[in-house]
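1. build me a model from this:
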Amino acid sequence: PATVPPGDVLLHAGDFTDTGMSHEVDDFCRWLALQPHPKKIVIAGNHELSFDKSSYVSTAARFGHTTVSDAAACAEAARARLEQVEGVTYLFDSS
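-> Below you'll find the model as predicted:
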């Protein structure tokens with residue numbers, strides 16, 4: 001939607017990019033920063049390829065991404081950009 005209803009928490013549960021390219025993540029971060037919600041919770045979906053260090057190396061080329069030599073660094077950089085937006089908590093699997 002063009003506008004998001006006001007509230008205390010905004011939850012975005014994935015697919016905020018087409019394929020997780022850095023410019024798409026940056027566009028989403030700019031949009032997210034404009035939202036007035038004090039708390040913003042973000043969960044990556046299956047479109048956010050660069051957020052998944054375990055599969056990014058194998059999926060990147062299929063979707064037009066440049067060669068990925070360090071998937072963990074790419075995933076960390078993508079998450080870090082999100083977490084720079086005020087009020088954002090990024091939820092992801094960890095072990």
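2. just the helices in the chain please.
-> Using DSSP state H, the helices found in the chain span residues 22-34, 56-60, 71-83.
3. can you list the low-confidence ranges for the chain?
-> In the predicted model of the chain, residues 1-2, 67-69, 94-95 satisfy pLDDT under 70.
4. of the helices of the chain, give the one that comes closest to Ser50.
-> Nearest to Ser50 among the helices of the chain is helix 71-83 (4.7 Å), distances taken as CB to CB. C-beta: built from backbone N, CA, C; applies to glycine.
5. from the contact counts, what lies against that closest one?
-> Contact analysis of helix 71-83 by 3 or more CB pairs under 8 Å, 6 or more residues apart in numbering; DSSP states H and E lists helix 22-34, helix 56-60, strand 88-91 as its packing neighbours.
6. next, the angle from the first one to helix 71-83.
-> Going by axes from the mean of the first three to the mean of the last three CA atoms, to 10 degrees, helix 22-34 is angled at 20 degrees with respect to helix 71-83.
7. please export the C-alpha coordinates of helix 22-34 as CSV.
-> Written as CSV, here are the backbone C-alpha positions of helix 22-34 (Å, rounded to 0.1, in the frame of the first residue of the first chain):
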residue,chain,number,x,y,z
SER,A,22,22.1,-4.4,-2.5
HIS,A,23,20.3,-1.6,-4.3
GLU,A,24,17.0,-3.3,-3.5
VAL,A,25,17.9,-3.6,0.2
ASP,A,26,18.9,0.1,0.2
ASP,A,27,15.6,1.1,-1.3
PHE,A,28,13.7,-0.9,1.3
CYS,A,29,15.8,0.6,4.1
ARG,A,30,15.0,4.1,2.8
TRP,A,31,11.2,3.2,2.8
LEU,A,32,11.5,1.6,6.2
ALA,A,33,13.2,4.7,7.7
LEU,A,34,10.2,6.8,6.6
